[in-house]
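Asks: Show me the folded form of this:
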Amino acid sequence: MELDIDRLKAEAQAITNSGLIARIDLTNVTPTRIGGYNARPYSKELDLPEGLRTSEVKGIWRWWLRATLAGALWDLGKEPNKTTIRKMVNEILGYTASASKFTITSSYAYSAAKKLDDLAKIPRMRLILMQRRDEPQDKFDIRSVEEKSLCPPGFLKATLSLYERAGKPLDWNIRRVAFGTLLLALLLHGIGAITRRGFGHFQLEVKECLDKLRDYSDSIKAVNEARRRDEMQEGLNGLFSEVLQDAKQSLLQRNMLTGLGPRPSRLPPFPSLSSDSRIFRLRIVDVKASDETFLLEKLGKVAMKVGWKRSLGLNGGEVGGVLDTWILGLPREVRGTGYASQAGRRPSAITLAPVKKLQQSFLVAIYGFLSSDWPIGGLQWTRKTRGRVETHRVEDISGASHLLTTLNRIRDDSVGKRIKECVRQRGEARIECAFNLAFGLIERQLTGSLP
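Replies: Residues are numbered from 1 along each chain as shown. Coordinates of the predicted model:
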């Protein structure tokens, strides 16, 4: 009996495509650092770089689905209730007691590492590449090679296939919300480490998708074809609007608003993707940079206190306790100085996501989530001067008059006044003020609009 190989291949492909929702091609546009078993992106012993893992994709997808549902509730005038949101996220993407309604597979994956010797110019990498106390020289040499061996732009590629599990068919709003939030996660969150400062960002291309998702595919195409800042802003705003609209419709159709109270008057309790520009903000800036390393150096420096001081006309030795850089991530502590909180780690409220390389510049998305989940009440700032340790609660710094004299030397009077107003605030008002100040200073540094 002769086998019909072509027929068998066709049948196998038909089975594979059963339940297929979309296929998405990914290519990294900035150096990507995906940690392995020892948190390093490359093993010298095995000569093997870390590649893309679908488990990480699912993790960032879940984060963006949660933020989108929270923002949809906020826009509908309701409290972003954790229990309601968790229930819907678990129902869609699964949890320990129930499988996800969707699966993701990665195929045609390609990753290659290359030793990038100029990474030490990038602030976060400079810390990683420092020799540790009591670290033997031979081990440091090996670690240094492994830490520098990242996936350069174009060296990490994969095709992600999104499937719907067999069973009761899902309604279209669920499919659309799931697909839309996956696209947002892949486009803006980044994969790997240091993604909030530009590492590990990707270009997407939707190779195929169901007809009723074609508008999402068109939105990604518009983003890819953007050549100017305003075109990219319009394309991303359109994508956000689509996803939020689908999320609202899904919540309403499923009667998920029943029993929810009105939204808080000031801030949501956790990051929420909303059309309210006060709590979710997106700006596209055109950043002059000849290559990706220079870009990442710039993105790293605008998030550092020393960069803020320089941009404000202050010298590096000026007291920095009045500049609320804690909003860019906690802990921010070096050798017992800086910001510390017993609440543990809190990622930055603001992300810098490169989305397009142009001739001599990059289009970068600055986006941020304003929420109340910052440990402002217990946050402390410490400095050491002439052997003396000085510690203040952040909310009480306005009472330390000797620290406020720094503000008189800021060359932009309007910024100095805003910081003075900020340090007098407490609670959620202080969080909002710190967020607004940080977002504005980062944007102005990257566009060169500070005096």
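Asks: Point out where the protein drops to low pLDDT.
Replies: Applying pLDDT under 70 to the chain picks out residues 1-17, 449-451.
Asks: What about Lys207, how many residues nearby?
Replies: When counting by other CB atoms under 10 Å, one arrives at 13 neighbours for Lys207. Just so you know, the C-beta spots here come from the backbone N, C-alpha and C atoms, and that holds for glycine as well.
Asks: Confirm it sits in a strand?
Replies: Yes: with the criterion set as DSSP: H, G, I helix; E, B strand; the rest coil, the secondary structure at Lys207 is a strand.
Asks: wait, what's in contact with it?
Replies: Remark: with contacts taken as CB atoms under 8 Å, 6 or more residues apart in numbering, Lys207 is in contact with 23-25, 159.
Asks: ok, 10 Å please
Replies: By CB atoms under 10 Å, 6 or more residues apart in numbering, Lys207 lies in contact with 22-25, 159-161, 217.
Asks: And the residues you listed, which of them are buried?
Replies: Among those, those that count as buried by neighbour count (16 or more other CB atoms under 10 Å) are 22-24, 159-161, 217.
Asks: Out of the residues you listed, which comes closest to Glu147?
Replies: Lowest distance from Glu147 to those (CB to CB) belongs to Leu160, with 27.4 Å.
Asks: Apart from its neighbours in sequence, what residue is nearest that closest one?
Replies: Ile24 (4.7 Å; CB to CB, 6 or more residues apart in numbering).
Asks: and what of Leu184?
Replies: Sequence neighbours aside, Trp64 is the residue nearest to Leu184 in space, at 5.0 Å (criterion: CB to CB, 6+ apart).
Asks: about what we covered before: closest to Glu208 among the buried ones among the contacts of Lys207?
Replies: Sorting the buried ones among the contacts of Lys207 by distance to Glu208 puts Arg23 at the head of the list, at 5.0 Å, by CB to CB.
Asks: How about the contacts made by the residue nearest to Leu160?
Replies: For Ile24, the contacting residues are 104, 158-162, 179, 182-183, 186, 202, 204-209, 217, 220, by CB under 10 Å, 6+ apart.
Asks: Same question for Glu242.
Replies: Under the criterion of CB under 10 Å, 6+ apart, the neighbours of Glu242 are 176, 180, 183, 215-216, 218-219.
Asks: tell me the two of the residues you listed that are most distant?
Replies: For the contacts of Glu242, with distances taken as CB to CB, the pair at the greatest spread is Arg176 and Asp218 (13.5 Å).
Asks: More neighbours: which of those two?
Replies: Between Arg176 and Asp218, Arg176 has the larger neighbour count (other CB under 10 Å), namely 23 against 15.
Asks: Would you check that my belief about that one contacting Ser219 is correct?
Replies: No: here Arg176 does not reach Ser219: they are 12.0 Å apart, not a contact under CB atoms under 10 Å.
Asks: before we move on, the earlier item: looking at strand pairing, list the partners for the residue nearest to Leu160.
Replies: Beta-bridge pairing of Ile24, defined through DSSP bridges, involves Leu160, Val206.
Asks: go on, Val389?
Replies: Lys384.
Asks: hmm, back to that, so the residue nearest to Leu184 is in which element?
Replies: Trp64 is located in helix 54-75, with elements delineated by DSSP states H and E.
Asks: Next, the buried residues of that helix.
Replies: Of the residues in helix 54-75, 54, 57-58, 60-75 count as buried by neighbour count, 16+ other CB under 10 Å.
Asks: What are the boundaries of the helices in the stretch 301-450 of the chain?
Replies: 305-311, 401-404, 413-423, 427-447 (DSSP state H, counting those that start in this stretch).
Asks: could those helices go into a markdown table alongside mean neighbour count and distance to Tyr110?
Replies: Written out in a markdown table, the entries for these read as follows (neighbours: other CB atoms under 10 Å; distance: least, CB to CB, whole Å):
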| stretch | mean neighbour count | distance to Tyr110 |
| --- | --- | --- |
| helix 305-311 | 19 | 35 |
| helix 401-404 | 13 | 52 |
| helix 413-423 | 16 | 46 |
| helix 427-447 | 20 | 32 |
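Asks: Can I get the ones you listed in CSV including distance to Pro347?
Replies: Supplementary listing: the helices of the stretch 301-450 of the chain in CSV, determined by distance: least, CB to CB, whole Å:
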stretch, distance to Pro347
helix 305-311, 17
helix 401-404, 27
helix 413-423, 21
helix 427-447, 13
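Asks: Ok, which of those comes nearest Met88?
Replies: Across these, the minimum distance to Met88, taken as CB to CB, is reached by helix 427-447, at 26.1 Å.
Asks: for this structure, longest helix please?
Replies: In terms of residue count, the longest helix belonging to the chain (DSSP state H) is helix 229-253.
Asks: Tell me which helix or strand comes right after that one.
Replies: Counting by DSSP H and E, the element that comes right after helix 229-253 along the chain is strand 280-288.
Asks: Could you list every helix and strand in contact with that next one?
Replies: In terms of contacts (3 or more CB pairs under 10 Å, 6 or more residues apart in numbering; DSSP states H and E), strand 280-288 is packed against helix 54-75, helix 229-253, helix 292-301, strand 350-357, strand 361-369, helix 427-447.
Asks: so which of those gets nearest Gln137?
Replies: Using CB to CB as the criterion, the shortest distance between Gln137 and these is 26.2 Å, found for helix 292-301.
Asks: Would you check how far apart Thr159 and Val29 are?
Replies: When CB to CB, to the nearest Å is the yardstick, Thr159 and Val29 sit 17 Å from each other.
Asks: meant to ask about Thr293
Replies: Thr293 sits 13 Å away from Val29 when distances are taken as CB to CB.
Asks: Next: Leu150.
Replies: Distance from Leu150 to Val29, counting by CB to CB: 13 Å.
Asks: Neighbour count for those two, which is higher?
Replies: Counted by other CB under 10 Å, Leu150 and Val29 do not tie: Leu150 has more neighbours, with 28 against 21.
Asks: Any chance of JSON lines for the helices and strands packed on strand 280-288, columns distance to Asp286?
Replies: Output for the helices and strands packed on strand 280-288, formatted as JSON lines (distance: least, CB to CB, whole Å):
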{"stretch": "helix 54-75", "distance to Asp286": "25"}
{"stretch": "helix 229-253", "distance to Asp286": "5"}
{"stretch": "helix 292-301", "distance to Asp286": "12"}
{"stretch": "strand 350-357", "distance to Asp286": "9"}
{"stretch": "strand 361-369", "distance to Asp286": "5"}
{"stretch": "helix 427-447", "distance to Asp286": "8"}
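Asks: quick check: angle from the helix holding Trp64 to strand 361-369?
Replies: For the pair helix 54-75 and strand 361-369, the angle between their directions (axes from the mean of the first three to the mean of the last three CA atoms, to 10 degrees) equals 60 degrees.
Asks: Helix 54-75 vs strand 280-288, what angle?
Replies: Following the same axes, to 10 degrees, one obtains 120 degrees for the angle between helix 54-75 and strand 280-288.
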